[in-house]
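Visitor: model the following, please.
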Amino acid sequence: MNLRNWFDTSFRLRPHEPALEWKGETYTFRDIDARSNRMARALAARGLQRGDRLAVYLANSLDFIDLFLACVKLGVIFVPVNILYRERELSHILSDAEPKLFVTEKELPVLRAEAAGRSAELPETTLDGDAPAALVYTSGTTGVSKGAILTHNNFAVNAANLLDAWRITSTDRFLLALPLFHVHALGNGLHCWLFSGCRMRLLERFEHEKAAAEFLDFRPTLFFGVPTVYVRLLDTPPETAREIGKGMRLFVSGSAPLPAQVLEDFRKLFGHTILERYGMTETIMNISNPYDGERRPGSVGFPLPGVQARILNQDGQDVPDGETGELYLKGPNVFPGYWRRDDATRAAFVDGWFKTGDLAQRSPDGYYTLCGRRSDLIISGGFNIYPREIEEFLMEQPEVAEAAVAAQPDRVRGEVPVAYVVPRGVCDTAALEARCRENFASFKCPRRFIVVEKLPRNALGKVQKHLLGAAAQ
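Guide: Down below sits the predicted model:
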């Protein structure tokens, strides 16, 4: 089995049903199938074949979907590239992946013209589930980005898990505004849509000024977002939020930690408790709060079916519930390795377990809570400080819209925590410091509180802590 077989559940069984809304036009599943078949034949005519790479540097569009599906059908490895990347980052990915074709907006008119007259019949290709489907590059915030090889089976297992865990069916109406070049929208969004056969409206990007109007016009039941999106949605007028909430079935958050205060504020405003889950580029989805049952604030829930999780200390020993260690994963969702980086692949696995680099705790009743990246851990005078604990507290303060805590070198203690806060109106940093001292041990209290206009984030809203110093200047 490969993704072609799974997508046929929608293409063959519901050909005339509406599949996709894009820029005011509606396309059926037969339309999507035929368009991608023509594109696959156009790519084949350009010499692309199984195992070749095709890189795309495109914003969300129907063309992006055509190209991804065409690659799936040919056995070509799809390489999505972040459209915020510039020459240095692009050069690294292109030299590493060595794509046979690099598609930008400039190339699209030629490809469309080549595809227009082609046959709409599915091209013949032999593929198994272990064949690579995509090469997705990590964000590279701590070094040169690496290409994670994601197979047909990785994507298929992930989608099947999410349909079951989140009760996604063909009756859903799915609003997708996340960038398709990221595994969140590509691995979860497109695959949940095509596996379930639901109706999806794709937006080029999330624009918070237009978001309420999009919700009210499309009336979705399902929405995937990142924490910054949900922070922006808190600006929605109460009566509008209630109206949006009436038709919604599920809001999901991922790609960065969701502050507990945002979850609570959103619940009060929209009448829905956001379902937070945890995934990575290398593993797609790992852990999720339950659809039925408690969606615990600050927690990412339980491992998905087939996913095994362990929390180990620095000596490789399992830690007791309630203690912090590094999270290790194993399962059919886990990638086979990094592209042309045998050294990095070997370093990423221990006895078949993938080292996530994320610190976590497990509660006695089985809920997993992330405590931040291992690389974010601050060791001050021999004491471990987990930035997320302080960030969550700061986000509870009425004058703070967003917060991030990072290490600053210190001659005596090695390093100390520093807080960067985006204010909500007037912000008295002395008062914030006093409250921290009332609630935390002295070594955990930030030594400085720096007010900034915004936090540096990547395209999916994850704070880039290595850039915080520049944000304060």
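
Visitor: okay, CA-based contacts and neighbour counts for the rest of this
Guide: OK.

Visitor: can you name the next helix or strand after whichever strand or helix holds Ala159?
Guide: Assigned by DSSP states H and E, Ala159 belongs to helix 152-165. Counting by DSSP H and E, the next helix or strand C-terminal to helix 152-165 is strand 173-176.

Visitor: any stretches of this structure with poor pLDDT?
Guide: For the chain, applying pLDDT under 70 flags the ranges 139-143, 470-473.

Visitor: would you map the strands across the stretch 101-250 of the chain?
Guide: Listed in chain order, the strands of the stretch 101-250 of the chain (DSSP state E, counting those that start in this stretch) span 101-103, 132-137, 147-151, 173-176, 199-202, 222-225, 250-253.

Visitor: Throw those into a markdown table and include mean neighbour count, thanks.
Guide: Conversion of the strands of the stretch 101-250 of the chain to a markdown table gives the following (neighbours: other Cα atoms under 10 Å):
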| stretch | mean neighbour count |
| --- | --- |
| strand 101-103 | 17 |
| strand 132-137 | 26 |
| strand 147-151 | 25 |
| strand 173-176 | 24 |
| strand 199-202 | 23 |
| strand 222-225 | 21 |
| strand 250-253 | 20 |
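
Visitor: can you lay out those strands as TSV showing distance to Ala45?
Guide: Output for the strands of the stretch 101-250 of the chain, formatted as TSV (distance: least, Cα to Cα, whole Å):
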stretch	distance to Ala45
strand 101-103	12
strand 132-137	20
strand 147-151	24
strand 173-176	32
strand 199-202	29
strand 222-225	36
strand 250-253	40
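
Visitor: of all those, which lies closest to Asp235?
Guide: Closest approach to Asp235 among these is made by strand 222-225 (15.4 Å; Cα to Cα).

Visitor: roughly how far is the closest one from the heart of the chain?
Guide: Centroid displacement of strand 222-225 relative to its chain, using Cα atoms, centre = their mean, to the nearest Å, is 12 Å.

Visitor: list of residues touching it?
Guide: Contacts of strand 222-225 with the rest of the structure, by Cα atoms under 8 Å, 6 or more residues apart in numbering, involve 172-178, 189, 248-254.

Visitor: check stretch 330-346 too.
Guide: By Cα under 8 Å, 6+ apart, stretch 330-346 touches 97, 135, 146-151, 153-155, 157-158, 282-286, 306-309, 352-354.

Visitor: got it, and stretch 150-160?
Guide: With contacts defined as Cα under 8 Å, 6+ apart, stretch 150-160 is touched by 2-3, 6, 128-136, 187-188, 191-192, 195, 282-285, 332-336.

Visitor: buried subset of the residues you listed as a ChimeraX selection?
Guide: Under the burial definition 16 or more other Cα atoms under 10 Å, those of the contacts of stretch 150-160 that qualify are selected in ChimeraX by:
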select :2,3,6,129,131,132,133,134,135,136,187,188,191,192,195,282,283,284,285,332,333,334,335,336
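
Visitor: tell me where the stretch 301-450 of the chain has strands.
Guide: Applying DSSP E, counting those that start in this stretch to the stretch 301-450 of the chain gives strands spanning 302-303, 308-312, 325-330, 337-338, 349-350, 353-362, 368-373, 378-380, 383-385, 400-410, 414-423, 448-451.

Visitor: okay, the ones you listed in JSON lines with distance to Asn37 and mean neighbour count next?
Guide: Below are those laid out as JSON lines (distance: least, Cα to Cα, whole Å; neighbours: other Cα atoms under 10 Å):
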{"stretch": "strand 302-303", "distance to Asn37": "36", "mean neighbour count": "22"}
{"stretch": "strand 308-312", "distance to Asn37": "37", "mean neighbour count": "20"}
{"stretch": "strand 325-330", "distance to Asn37": "35", "mean neighbour count": "23"}
{"stretch": "strand 337-338", "distance to Asn37": "29", "mean neighbour count": "22"}
{"stretch": "strand 349-350", "distance to Asn37": "38", "mean neighbour count": "14"}
{"stretch": "strand 353-362", "distance to Asn37": "36", "mean neighbour count": "21"}
{"stretch": "strand 368-373", "distance to Asn37": "42", "mean neighbour count": "22"}
{"stretch": "strand 378-380", "distance to Asn37": "52", "mean neighbour count": "20"}
{"stretch": "strand 383-385", "distance to Asn37": "53", "mean neighbour count": "15"}
{"stretch": "strand 400-410", "distance to Asn37": "45", "mean neighbour count": "20"}
{"stretch": "strand 414-423", "distance to Asn37": "48", "mean neighbour count": "22"}
{"stretch": "strand 448-451", "distance to Asn37": "52", "mean neighbour count": "18"}
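
Visitor: tabulate these (TSV), appending distance to Glu21.
Guide: Formatted as TSV, those follow (distance: least, Cα to Cα, whole Å):
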stretch	distance to Glu21
strand 302-303	33
strand 308-312	37
strand 325-330	37
strand 337-338	35
strand 349-350	41
strand 353-362	36
strand 368-373	36
strand 378-380	46
strand 383-385	47
strand 400-410	34
strand 414-423	36
strand 448-451	41
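
Visitor: right, so of those strands, which gets closest to Leu13?
Guide: Here strand 302-303 is closest among the strands of the stretch 301-450 of the chain (Cα to Cα), at 31.6 Å.

Visitor: off-centre distance for stretch 103-114?
Guide: Stretch 103-114 sits 28 Å away from the centroid of its parent chain (Cα atoms, centre = their mean).
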